[in-house]
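Asker: have a look at this fold, sequence not included:
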């Protein structure tokens, strides 16, 4: 089935193009975006469409490469308590084995180094993070410190998706989560669905 071109998906096309321009070597650094709206309104569909469009733009603009991984799509991990927990969804997406010995039950190893290496060598420019609203207040600093590290180290843009994502992202970047829903001006650009 083809995706119906709704107004939100048309905005997604424009957002993907802006992200492409913002992530070019001539830009001042990666641009981040929040996809926000009520639950069950198609935010994940819009998120995935942005990834597909972005990848298509890269495919049209750059020489072909079977090793290129331009877009990574993860779900926010449940109860991330450390950098190690944040690295697991990236490792799984990239196909890295991330446990020392799964049968013995030994804890996973931090995969940040290998993840950064792959992202840099395979030309990753965009990370899609679905379910940002599942993070608890106490988990925001860990998650956004990790995302910020990857953005700076690998020069990648992030798109965060979930109900209330605009406020979550803006407040997490300031170190706190909003107590009540609502908006303010400024902060991360937002695509409302």
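Answerer: Thanks, I have the structure now. Model, not experiment: these values are computed from the prediction.

Asker: C-alpha only now, for contacts and for neighbours.
Answerer: OK.

Asker: quick one: distance of the helix or strand bottoming out on mean pLDDT in the chain to the chain centre.
Answerer: In the chain, no helix or strand scores lower on mean pLDDT, DSSP states H and E than helix 7-22, which sits at a mean of 73. A distance of 15 Å separates the centroid of the chain from that of helix 7-22, by CA atoms, centre = their mean, to the nearest Å.

Asker: element containing residue 129, please.
Answerer: In this structure, residue 129 sits in strand 126-130 according to DSSP states H and E.

Asker: show residues contacting the least confident helix or strand of the chain.
Answerer: 27-32, 46-47, 49-51, 53-54, 57-58, 157, 191-193 (CA atoms under 8 Å, 6 or more residues apart in numbering).

Asker: tilt between the lengthiest helix in the chain and strand 126-130?
Answerer: Scanning the chain for the helix with the most residues, using DSSP state H, yields helix 43-61. If you take axes from the mean of the first three to the mean of the last three CA atoms, to 10 degrees, helix 43-61 sits at 170 degrees to strand 126-130.

Asker: who does the strand holding residue 129 pair up with?
Answerer: Its sheet considered, strand 126-130 pairs with strand 71-75 (parallel), strand 157-161 (parallel) by DSSP bridges.

Asker: most packed of the ones you listed?
Answerer: When the strands paired with strand 126-130 are scored by mean count of other CA atoms under 10 Å, the highest mean neighbour count falls to strand 157-161 (a mean of 26).

Asker: now it: mean pLDDT?
Answerer: The pLDDT scores in strand 157-161 average 94.

Asker: how much space between residue 63 and residue 57?
Answerer: Computed as CA to CA, to the nearest Å, the residue 63 to residue 57 distance reads 12 Å.

Asker: all helices of this protein, in order?
Answerer: In the chain, the segments counted as helices under DSSP H are 7-22, 43-61, 83-94, 112-121, 140-154, 165-174.

Asker: could I get those helices as JSON lines with distance to residue 77 and mean neighbour count?
Answerer: Shown next, in JSON lines, are the helices of the chain (distance: least, CA to CA, whole Å; neighbours: other CA atoms under 10 Å):
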{"stretch": "helix 7-22", "distance to residue 77": "24", "mean neighbour count": "18"}
{"stretch": "helix 43-61", "distance to residue 77": "16", "mean neighbour count": "18"}
{"stretch": "helix 83-94", "distance to residue 77": "7", "mean neighbour count": "19"}
{"stretch": "helix 112-121", "distance to residue 77": "15", "mean neighbour count": "17"}
{"stretch": "helix 140-154", "distance to residue 77": "9", "mean neighbour count": "18"}
{"stretch": "helix 165-174", "distance to residue 77": "15", "mean neighbour count": "21"}
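
Asker: turn those into TSV, columns for distance to residue 67.
Answerer: TSV is the format used below for the helices of the chain (distance: least, CA to CA, whole Å):
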stretch	distance to residue 67
helix 7-22	19
helix 43-61	12
helix 83-94	12
helix 112-121	9
helix 140-154	17
helix 165-174	31
